[in-house]
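J.: I'll drop the sequence and a predicted model, then ask my questions.
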Amino acid sequence: MSTIDFEKFSKYSKPGPRYTSYPTALEFSDDFRYDDYLRFLESGKEKLSLYVHLPFCRSACYFCGCNVVFTSKEEKLSQYIEYLKKEIDILANHIDTNREVIQFHFGGGTPTYYKAFELDEIVSYIKSKFPNWSEDAEISCEIDPRFFNEDQMKVFAKHGFNRISFGVQDLDAQVQKEIHRIQPLELTKAAVDLARKYGINSINTDLIYGLPYQNLESFKKTLEGVITLDPDRFAVFNYAHVPWLMKTMRKFDETTLPSPEEKLKIFRYTIDFFEGHGYKMVGMDHFAKPEDELFAAIAKGELHRNFQGYTTKGGANLVGIGLTSIGEGSRYYAQNTKDMKAYEDALDEGRLPFERGVMLSEDDYLRKAVIMELMANFSIDIRRVEQEHGIDFKAYFADALDALQEFVDADLVEINAERITVSPTGTLLIRNIAMPFDAYMHQYAGNKKSFSKTV
Ligand code: SF4
């Protein structure tokens, strides 16, 4: 990786999407109607990826951007299970339930805020309605080590869970106090050991950089600590500071947030650190051991990015279940309501709790392919895009290629007749490099409250 001029890089710090979807969620609207969604569900033939959102948490981590319901009332949790079952019943009336399930993911919230027997009840119910699970399905759960016990792990083992993602974020005591999440390394280690004891062969650890009071020196210590867990993958996310959207983020003293230069130093150090410990970078924010299946996918240009990160299982129809969850087909995104009462009302009336979404135009479909390929593989195979979409790439994307020139001049991107390739250093700015291909960006120019900062 070439030497980074951090001063020069900070000029790229501007609001930009993370591209977990394209078009981004800002384009979701009620123009995409319930009937449209049902039509897609009913006509779909692709394999299924099921996402179940369990939104409850005991207390707020102030950095959190998830849609969370804070409660200590057990009846709220059990009532939600009853509604999940109603939703699964209605879905089963609109989907061919024999379609093969190749992915299942519990996200939250804190999925393990639920007791073992409740988790068992949810998974068993889904399996009773969608019985055709692939032998090598990816079955995963996000786990907060502060809420995790052996009974829950036994349920996961019984249902064939094979991936677990542990939230860590940072190990520094002051940072943990500030973000309102006290989680000693020993606690995380006990959780990781428990997962390993039950044969989980893919363990991921999530970290976040850009949090209050973090700096390069403090983050070095966090890395020294988490490497002792020896996970299979790390995800290192850039903290998205969007206090206009998330109230808890307003609790931070913004003067304690690391500068863009400091954040780049942290991330650059993180790359070197993990590479020095035998991991390789995957996409914009993941690291994995070289034998990980993600690298075989990269070699074939088949790595995909979705709402849960990077995956080798592209092309599945993602069906979101639960409050606020997002579904994705090749030509649409559909999101459930974020409001618990509206969620329950819809289900009581026998409707899915769908609220909004977007149907992809031909242009969206093409740009999605290009942006997702960039985000996942850091390159674009121009000829392949031309063949698959019947376009002249350089004519169609003339404006984008003009806008990329500054990155070419800075040796961050190389463009030839066959391929656009992002340099290793350029990967730090992958969101900026993808933005010229986004047809909606101009709408947000000058709007500082649209997205989090890219750097
Ligand atoms: S980070 Fe996880 S545990 Fe913390 S508030 Fe967000 S969803 Fe809940």
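T.: Yes, it's here.

J.: show me what from the protein comes close to the ligand.
T.: The chain comes close to the ligand at residues C57, A60, C61, C64, C66, V68, G108, G109, T110, D144, G167, as judged by CB under 6 Å from any ligand atom. All C-beta atoms are positioned from the backbone trio N, CA, C, and that covers glycine.

J.: what subset of the residues you listed is buried?
T.: Neighbour-count burial (16 or more other CB atoms under 10 Å) applied to the residues of the chain next to the ligand gives C57, A60, C61, C64, V68, G108, G109, T110, D144, G167.

J.: quick revisit: inside strands: which ones of the residues of the chain next to the ligand?
T.: C57, G108, G167 (DSSP state E).

J.: tell me the domain boundaries of this structure?
T.: For the chain, automatic domain parsing gives the domain ranges 18-320, 362-444.

J.: rebuild the ones you listed as JSON lines, extending it with mean pLDDT.
T.: Output for the domains of the chain, formatted as JSON lines (pLDDT from 0 to 100):
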{"stretch": "domain 18-320", "mean pLDDT": "94"}
{"stretch": "domain 362-444", "mean pLDDT": "93"}
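
J.: let's have those in JSON lines, adding distance to G350.
T.: Below are the domains of the chain laid out as JSON lines (distance: least, CB to CB, whole Å):
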{"stretch": "domain 18-320", "distance to G350": "7"}
{"stretch": "domain 362-444", "distance to G350": "31"}
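
J.: quick one, which of the ones you listed gets closest to P353.
T.: Closest approach to P353 among these is made by domain 18-320 (6.6 Å; CB to CB).

J.: ok so, going back, adding distance to I430, write the ones in strands among the residues of the chain next to the ligand out as TSV.
T.: Listed next are those as TSV, based on distance: CB to CB, whole Å:
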residue	distance to I430
C57	30
G108	27
G167	23
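
J.: which one of these is nearest to S49?
T.: Nearest member of these to S49, counting by CB to CB, is G108, at 17.1 Å.

J.: correct me if wrong: that closest one contacts C64.
T.: No. G108 lies out of contact with C64 (CB atoms under 8 Å); the separation is 10.2 Å.

J.: mind listing what whichever residue of the stretch 301-450 of the chain sits closest to the ligand touches?
T.: Nearest residue of the stretch 301-450 of the chain to the ligand: T324, at 11.8 Å (CB to the nearest ligand atom). Residues near T324 by CB atoms under 8 Å, 6 or more residues apart in numbering: H53, P55, N67, Q335, N336, T337, K338.

J.: and for D30?
T.: Contacts of D30 by CB under 8 Å, 6+ apart are E355, R356.

J.: can you tell me how far it is from R356?
T.: Per CB to CB, to the nearest Å, D30 is found 5 Å from R356.

J.: break down the stretch 351-455 of the chain into its strands, ranges please.
T.: Counting by DSSP state E, counting those that start in this stretch, the stretch 351-455 of the chain has these strands, from start to end: 354-359, 379-381, 413-415, 419-422.

J.: dump those to TSV, plus mean neighbour count.
T.: Shown next, in TSV, are those (neighbours: other CB atoms under 10 Å):
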stretch	mean neighbour count
strand 354-359	21
strand 379-381	19
strand 413-415	17
strand 419-422	19
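
J.: looking at those, which is nearest to E275?
T.: That would be strand 419-422 among the strands of the stretch 351-455 of the chain, by CB to CB, at 17.2 Å.

J.: kindly export that closest one (C-alpha atoms) in CSV.
T.: Presented in CSV, the C-alpha positions along strand 419-422 are these (Å, rounded to 0.1, in the frame of the first residue of the first chain):
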residue,chain,number,x,y,z
ARG,A,419,-11.5,-2.8,-16.3
ILE,A,420,-11.8,-0.2,-13.6
THR,A,421,-9.5,-1.1,-10.7
VAL,A,422,-9.3,0.5,-7.3
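
J.: let's number from 56 now, not from 1
T.: Done: numbering now begins at 56, and the last item shifts to strand 474-477.

J.: neighbouring contacts of it?
T.: Taking CB under 8 Å, 6+ apart as the rule, strand 474-477 contacts 429, 433-437, 459, 467-470, 485, 488.

J.: stretch 324-343 too?
T.: 56, 262, 264, 271, 274-275, 278, 282, 287-293, 344-345, 347, 349-350, 353, 358, 360, 364-365, 430-431, 433, 482, 485-486.

J.: which among those end up buried?
T.: 262, 264, 271, 274, 278, 282, 287-293, 344, 347, 349-350, 353, 358, 360, 364-365, 430-431, 433, 482, 485-486.

J.: ok, T79 touching Y495?
T.: Yes. Between T79 and Y495 there is a contact under CB under 8 Å: 7.2 Å.
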